[in-house]
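> Sequence and predicted structure are below.
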Amino acid sequence: MNGALTTPNKAPLATLMSLIIPGSGQFMLGHRGRGLVIFLSTTIIAFLVNWALVNLKIGQITIGGLITSWLWLSFILLWGWNVLDAQRAAAGKPASLLSAVACAAVILYVIAWNVTGVKLERLVTRFSDARIVMRQLANPELALTNINGADKTCSWSCLFAYWGDRLAGRQPANPVMVSSDVLDIFGKIEKKAARGWQVNLGLAQKGEKVNTFIAGKMVETIAIGLMATLFSTILALPVSFLAAHNIMSRVRGGTALYYILRTILNVVRAVDTVVWGLLVIVWVGLGSFAGVIALTIHSVAALAKLFSEEIEHIDPGPVEALTASGANLLQTIRYAVIPQITPSFLAYTLLRWDINMRSATVVGFVAGGGIGFFVVETIRAGGYQQYATALWAVAVVIILVDLISARWRERILTDQPVKEAPKHPTLNLLRKTVYIILGVALFIYCWNVTEIRLKELFQPAPTFLRLVSDFVHIDLSKAVLNAVIQQMLVTVFQAMLATTLGGLVALPFSFLAAKNLTGKSRTLRVIYFATRAVFNVLRSIEALLYVAIFIFWVGIGPFAGMLALAITTFALIGKLFSEAIENIESGPIEALTATGGDALQVINYAVLPQIVPPFVSYLIYQWDINIRMATIIGFAGGGGIGLTLSTFFGSLQYHKAGTVVAFIVIVVALMDFTSAKLRENLV
Amino acid sequence: MLKVENLTKTFPNGTKALKNVSFEVADGEFLAVIGLSGSGKSTLLRCINRLIEPTSGKVYWNGVDVTAAQGTDIRKIRRQIGMIFQPFHLVKRSSVYTNVLSGRLGYVNTFSSLIHMFSSDDRSRAIASLERVGLVEKAHVRADSLSGGQQQRVGIARALMQEPKLILADEPVASLDPVLAHSILKYLEQLNKELGITILCSLHFLDLVHRYATRAIALKDGMLVFEGLPKEIDDAQFKAIYGQEAERVSIT
């Protein structure tokens, strides 16, 4: 309904309605969505102000013996804005959102600041501690050198000295070897009894000691990521067809199955890989195998969703054509659907491989196995230099994976038809055969490294059965609910603060990382590459791995977790912002410059309108991601719901852990939905 | 023989696309269906092979009630009726040969077709179909590397794989250049004259109707407003079909 068409005599009624129930006036005037949003947000904010006052005494003041919260003042302003908005809406021009957002922001940030336990002074007073960690991070244990007969670990200096000597043609002063950390991380060669296949191939005698490659923690991590990607792709394929509406609506009873499956996929996806890890270790015990299963479960749900959406968006023409020719459903899928979806499926699998590799670096925090487990052990032993080596290793591997996956995806999605037949068919065949043999060998190797024992899947530990039954009968007693809601709110606010902090810091840097703004001088080019590199390195390491640094700096708790999240947010948002800046159209800039506008005017009228909507949209998206990440940040001491969950799991109180998981699913799904809706309205 | 009786289609959103349409098509005819966009031509063609479920009315194909057929039966009827589409509806990433072969799916065993196994008969039939439309040398290129006219010829070859007795052509030349339009319709004319395949073809341009069709029917707002020989469409008829403001345009 058009606001201009409503008669002026509706204004008093609308104003009165909104005065009594926020948003109801707007709703009555036909601004249904706006009214609903106003009603919901005022309700939620009122609940939060009251909750923060009662539980945590946030904003508490005493006026003449009355204990209340000064945040109510801001809330009254918000209410007043709503009444004004209703009155203005009746006149056809609703009030500006800015003041409402400001009122809400004051309340939200004050609460967030308190529940996250922000202690800014610690950043300064304990800076010396931070410097120690920083120094160790900058100097990982890379090499082992021998000076005057004594072994000594070293990081960059001895490597530089060694290679400097070598390149200059001199005999290096001191020998340099790879450090034991690097060997632990990437792998080493040891004498081991010959394996069965080596004996069978005649490479070794039975019982003979031969050189064997012992996989390092990073190799294990890579294997976990690869196996999980393979398994989840295979499992997601059939599921995705059952979760595609255009396929299922052709089968009797299919629509019901479609809705059930979609719900299950969304629930499974809402639970983070690391949380799945907690459940899986009860099932098959600690180890890389548990990591593979946890990754596979989450990945199947995520991939099946993407796959089925891809199936739903195919060109329906060929399907119609084959149906018209009398083909049955299976034949239609084989000849009209599968050829259309193959490239995007491959691209999604590669994207998932990238994500799985990242998850594989942290799943070891709970599941054991992989570099995550190594990190936990080094932190417990206080070996920050070893921890640093691990972080560097993760950065190198993930950046490589990211690069390979992105290049490969680009090539697949370009999808150019091959116009001529291959020149050497036999050579082509040979190459394919070699690839297949290599692939199979890699598969067998990864299978062994990750210690996959499928039999154990069907022989779950007795506690697992208890876990399943406890998860059905979750604890909904008041005490548990209170604790869970409190920690859940901490998690949401932690994510909000991290998004704000990371986003604010990223903003100036994103301009430096935009190609179109930095092409002018050599210095700027250098800054561009340096900023990009910082973004990429920081982005390659999961927030969970950063927590240890901040625990050392500001102490255990949500503040440390928030800072860790802020680091990854900074890197990701910085990258996204800079890409948004690179994507602005030069047309409007040219047009405004031509009219004689100065630089500021050009920025204000031609640049900002183009970048603000994507920026806000990315921030909302990042908040959504951060909430997911914040649910696990507690496993490393970062506070929030993750801490509660690991406590309940650790003390085998599965019925309480079930409550936590249920809340995580609800909150994450809700945020997912809200963020998608908000972003839809922005673009 | 195809017989359509009182065919009515009302879509769930309330649109009445067809209202009590009845007509007959004798074997060997080239029947043009004319009318404005949205007059119900596409819906009519799709109701005949039940790609769209008619609301009421009957369709008889050689005495068999198409509207009553279920499951396997409807597929057996469909495989006797070829269909050609305005946007070609080829699988773009598959080869021309695979696209043509897929027209045979209604006849072959499901399992062997899933692993892309076709009998030597079917394979030589695919080559023969491509020869008929003059594209045999393009058999192994991807469908999206062909031009629009070539893609529609592949569409015809795919329909031929069904050994159809009737071909439904839904605006087969509307997305093509005028010159190509004649080439495509000439292929259809050949199929009609040489193989005796009945053609039911919806067309936009009246001069194409005059040139190729043996008989024509016209739809307006879902109702049959004309049935007769193309030359019987005089100015009065023309205005009745296309509206008072319409002008005759021609395509060369």
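On my side now, so go ahead.

> For the residue in the stretch 51-200 of chain B that chain A sits nearest to, give me its contacts.
Of all residues in the stretch 51-200 of chain B, B:Gly106 sits closest to chain A, with a separation of 2.6 Å (Cβ to the nearest Cβ). Glycine gets a C-beta too; all of them are placed from N, C-alpha and C. When contacts are counted by Cβ atoms under 8 Å, 6 or more residues apart in numbering or on different chains, B:Gly106 touches A:Ser325, A:Gly326, A:Ala327, B:Arg75, B:Lys76, B:Arg78, B:Arg79, B:Gln162.

> want to throw the residues you listed into CSV with pLDDT?
Listed next are those as CSV, based on pLDDT from 0 to 100:
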residue, pLDDT
A:Ser325, 93
A:Gly326, 91
A:Ala327, 92
B:Arg75, 90
B:Lys76, 91
B:Arg78, 93
B:Arg79, 91
B:Gln162, 94
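
> For the stretch 151-252 of chain B, which residues are neighbours of chain A?
B:Gly155, B:Arg158, B:Ala159, B:Met161, B:Gln162, B:Leu168 (Cβ under 8 Å from any Cβ of the partner chain).

> Can you turn the buried subset of the residues you listed into a selection I can paste into PyMOL?
Applied in PyMOL, the following selects the buried portion of these according to 16 or more other Cβ atoms under 10 Å in any protein chain shown:
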select buried, chain B and resi 155+158+159+161+162+168
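
> since we're on residue 120, how many residues are nearby?
Picking chain A for this. Taking other Cβ atoms under 10 Å in any protein chain shown as the criterion, the count of residues near A:Leu120 is 10.

> not quite, I wanted chain B
Residues near B:Ser120, counting by other Cβ under 10 Å: 7.

> So which residues of the stretch 51-200 of chain B form strands?
B:56-61, B:64-65, B:81-84, B:166-170, B:198-202 (DSSP state E, counting those that start in this stretch).

> With respect to burial, which of these scores highest?
For those, average neighbour numbers computed from mean count of other Cβ atoms under 10 Å in any protein chain shown are highest in strand B:81-84, which has a mean of 27.

> circling back to that earlier point, which one among the contacts of B:Gly106 gets closest to A:Ile311?
Distances from these to A:Ile311 were compared by Cβ to Cβ; the smallest belongs to A:Ala327, at 17.1 Å.

> give the contact list for the closest one.
Here A:Ala327 is in contact with A:Tyr335, B:Arg75, B:Ser102, B:Leu105, B:Gly106 (Cβ under 8 Å, 6+ apart).

> any chance of these in TSV, plus distance to A:Met629?
Shown next, in TSV, are those (distance: Cβ to Cβ, whole Å):
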residue	distance to A:Met629
A:Tyr335	42
B:Arg75	51
B:Ser102	46
B:Leu105	48
B:Gly106	52
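
> Excluding chain neighbours, give the residue nearest to residue 90 in space.
Since you didn't name a chain, this refers to chain A. Closest residue in space to A:Ala90, ignoring its immediate chain neighbours: A:Ala11 at 3.6 Å, by Cβ to Cβ, 6 or more residues apart in numbering or on different chains.

> looking at chain B here, not the other one
Using Cβ to Cβ, 6+ apart, the closest residue to B:Leu90 is B:Ala143 (4.3 Å).

> I'd assumed B:Tyr97 was in contact with that neighbour.
No. The criterion here is Cβ atoms under 8 Å, and B:Ala143 misses it with B:Tyr97 at 9.7 Å.

> Neighbour count: those two, which is higher?
A count of neighbours by other Cβ under 10 Å puts B:Ala143 above the other of B:Ala143 and B:Tyr97, at 25 against 21.

> which residues does the more buried one contact?
B:Ala143 touches B:Leu90, B:Val91, B:Lys92, B:Arg93, B:Ser94, B:Ser95, B:Val96, B:Asn99, B:Gln151, B:Val154, counting by Cβ under 8 Å, 6+ apart.

> Can you give me the buried ones in stretch A:332-345?
A:332-341, A:343-345.

> measure that stretch end to end?
Distance between the two ends of stretch A:332-345: 18 Å, counting by Cα to Cα, to the nearest Å.

> returning to that earlier point: please pick the buried ones from the contacts of B:Gly106.
A:Ser325, A:Gly326, A:Ala327, B:Arg75, B:Arg78, B:Arg79, B:Gln162.

> ok, those residues vs A:Ile444, which is closest?
Nearest member of the buried ones among the contacts of B:Gly106 to A:Ile444, counting by Cβ to Cβ, is A:Ala327, at 39.0 Å.

> Next, the closest one: secondary structure please.
coil (DSSP: H, G, I helix; E, B strand; the rest coil).

> Quick check on it: phi, psi?
Dihedral angles of A:Ala327 (phi, psi; degrees, to the nearest 10) stand at phi -70, psi 150.

> Tell me which stretches of the stretch 1-150 of chain B form helices.
For the stretch 1-150 of chain B, the helices defined by DSSP state H, counting those that start in this stretch cover B:41-48, B:71-78, B:96-101, B:110-114, B:120-132, B:148-160.

> Can you tell me which of the ones you listed is packed in deepest?
Greatest burial across the helices of the stretch 1-150 of chain B, using mean count of other Cβ under 10 Å, falls to helix B:96-101, with a mean of 26.

> That helix packs against which elements?
helix B:120-132, helix B:148-160 (3 or more Cβ pairs under 8 Å, 6 or more residues apart in numbering or on different chains; DSSP states H and E).

> Let me see the mean pLDDT of the last one.
Same thing as helix B:148-160. Per-residue pLDDT values over helix B:148-160 give a mean of 94.

> the inter-axis angle of that helix versus helix B:120-132?
For helix B:148-160 against helix B:120-132, the angle by axes from the mean of the first three to the mean of the last three Cα atoms, to 10 degrees is 140 degrees.

> got the contact list for the closest residue to B:Ser119 other than its chain neighbours?
Nearest residue to B:Ser119 in three dimensions, chain neighbours excluded: B:Val108, at 7.4 Å (Cβ to Cβ, 6+ apart). Going by Cβ under 8 Å, 6+ apart, B:Val108 touches B:Phe118, B:Ser119, B:Asp122.

> Adding pLDDT and distance to B:Leu36 as columns, could you present these in CSV?
Below are these laid out as CSV (pLDDT from 0 to 100; distance: Cβ to Cβ, whole Å):
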residue, pLDDT, distance to B:Leu36
B:Phe118, 92, 42
B:Ser119, 93, 45
B:Asp122, 94, 40
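
> Put together CSV for those, with distance to A:Thr593 on each row.
Shown next, in CSV, are the contacts of B:Val108 (distance: Cβ to Cβ, whole Å):
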residue, distance to A:Thr593
B:Phe118, 63
B:Ser119, 69
B:Asp122, 65
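
> which one of these sits closest to A:Gln653?
Nearest member of the contacts of B:Val108 to A:Gln653, counting by Cβ to Cβ, is B:Phe118, at 61.3 Å.

> these two touch, right, the closest one and B:Arg104?
Yes. B:Phe118 lies in contact with B:Arg104 (Cβ under 8 Å); the separation is 6.8 Å.

> Figure out the helix or strand that the closest residue to chain B within the stretch 151-300 of chain A lives in.
Of all residues in the stretch 151-300 of chain A, A:Arg252 sits closest to chain B, at 10.8 Å by Cβ to the nearest Cβ. Assigned by DSSP states H and E, A:Arg252 belongs to no helix or strand.

> And for it, the neighbour number?
7.

> again with A:Asp402
Residues near A:Asp402, counting by other Cβ under 10 Å: 16.
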